[in-house]
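S.K.: build the 3D model from these lines:
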Amino acid sequence: MDLQLTDKVGIVTGASRGIGRAIAQTLAAEGVYLALVARTGDQLNELARSLPTPALVQAVDLREPAAADEVVAATVGRFGRLDVLVNNAGATTRGDFLALTEADWSDGFALKFFAAVRCCRAAWGHLRMTHGAVINIVGVGGRTGAAEFAIGGAVNAALLNLTKVLADRGVTDGVRVNAVNPGTILTDRLRGRVHRLAAERGLTLEEAAAEMARAVKVARFGEPAEIAQAVAFLASGAAQYCQGAILDVDGGQTRTL
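M.R.: Okay, the predicted model is just below:
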């Protein structure tokens with residue numbers, strides 16, 4: 001299927017690795033010119049060199065209040081327009097609710113939630129002109145609470161609600177806003193958890209991965225590319241009638257409505 005994304009311009013935050021890197025690779029393969037955003041410039045530069053379309057590297061910390069405006073201005077200054085915003089940046093601290101600090105909570109909301117708020121606000125006028133799209137990468141913890149994922153669950157739930165809020169605004173302004181909820185995806189962070197479990201239990205990596213998958217009642221872990229394919233669809237004209245959609249890409253992990 002031709003997604004008709006050739007020569008579109010997109011911003012991908014958290015693009016240096018994992019899901020964000022896969023999203024950048026998939027969108028570039030569809031012909032999208034990209035602004036790659038993360039705190040790690042070296043990884044972004046390496047990624048940019050590997051892409052088939054032009055890419056603008058922006059090594060910034062989106063927790064800084066002015067960063068989103070700078071990213072959008074630089075992107076439009078380089079490419080002349082903006083069609084797609086993918087809010088993917090942000091990881092949150094896991095752990096016992098009673099052990100989580102005020103700083104843990106503040107940091108979780110600062111990068112994943114408030115960065116998305118600011119990026120949407122900065123990009124909105126440009127997306128309105130191009131009838132563009134926002135895709136928020138959220139997570140299944142926003143639908144189903146878990147004791148060890150208090151911060152992540154709260155942040156994700158807030159971002160899901162923001163998706164609905166902006167989709168409502170987008171009906172009038174001509175901007176499509178949707179979200180993807182990844183399940184348990186085999187990123188470097190998850191690989192670290194697999195290695196720790198294997199070491200603690202004397203298991204092979206394959207055995208540890210299978211045990212973790214069984215714990216969340218899925219057949220296997222997802223791959224970053226599978227999230228990226230969903231993002232490409234939502235960014236494209238094939239998803240013109242998707243507005244405020246929350247797409248769970250989780251292997252069946254979410255069993256609630």
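
S.K.: quick one: the helices in the stretch 101-250 of the chain?
M.R.: Taking DSSP state H, counting those that start in this stretch to define them, one finds helices in the stretch 101-250 of the chain at 102-108, 115-130, 150-173, 188-201, 205-215, 224-235.

S.K.: out of the ones you listed, nearest to Val138?
M.R.: With C-beta to C-beta, the closest approach to Val138 among the helices of the stretch 101-250 of the chain belongs to helix 150-173: 4.9 Å. (Glycine included, C-beta is placed from N, CA and C.)

S.K.: next up, the contacts around Arg193.
M.R.: Met212 (C-beta atoms under 8 Å, 6 or more residues apart in numbering).

S.K.: swap in Leu234?
M.R.: Leu234 neighbours (C-beta under 8 Å, 6+ apart): Ala133, Ile135, Arg176, Asn178, Val180, Cys242, Ala245, Leu247.

S.K.: mind redoing it with 10 Å?
M.R.: Contacts for Leu234 (C-beta atoms under 10 Å, 6 or more residues apart in numbering) come out as 84, 86, 133-136, 176-180, 242, 245, 247.

S.K.: and which of these is nearest to Gly10?
M.R.: Of all the contacts of Leu234, the one with the least separation from Gly10 (C-beta to C-beta) is Val84, at 3.5 Å.

S.K.: I'd like to know how many residues surround the closest one.
M.R.: If you count neighbours by other C-beta atoms under 10 Å, Val84 ends up with 27.

S.K.: tell me which element the nearest residue to it once chain neighbours are set aside falls in.
M.R.: Nearest non-adjacent residue to Val84, counting by C-beta to C-beta, 6 or more residues apart in numbering: Gly10, 3.5 Å away. Gly10 belongs to strand 9-13 when assigned by DSSP states H and E.

S.K.: pLDDT (mean, whole number) over that strand?
M.R.: Per-residue pLDDT over strand 9-13 has a mean of 98.
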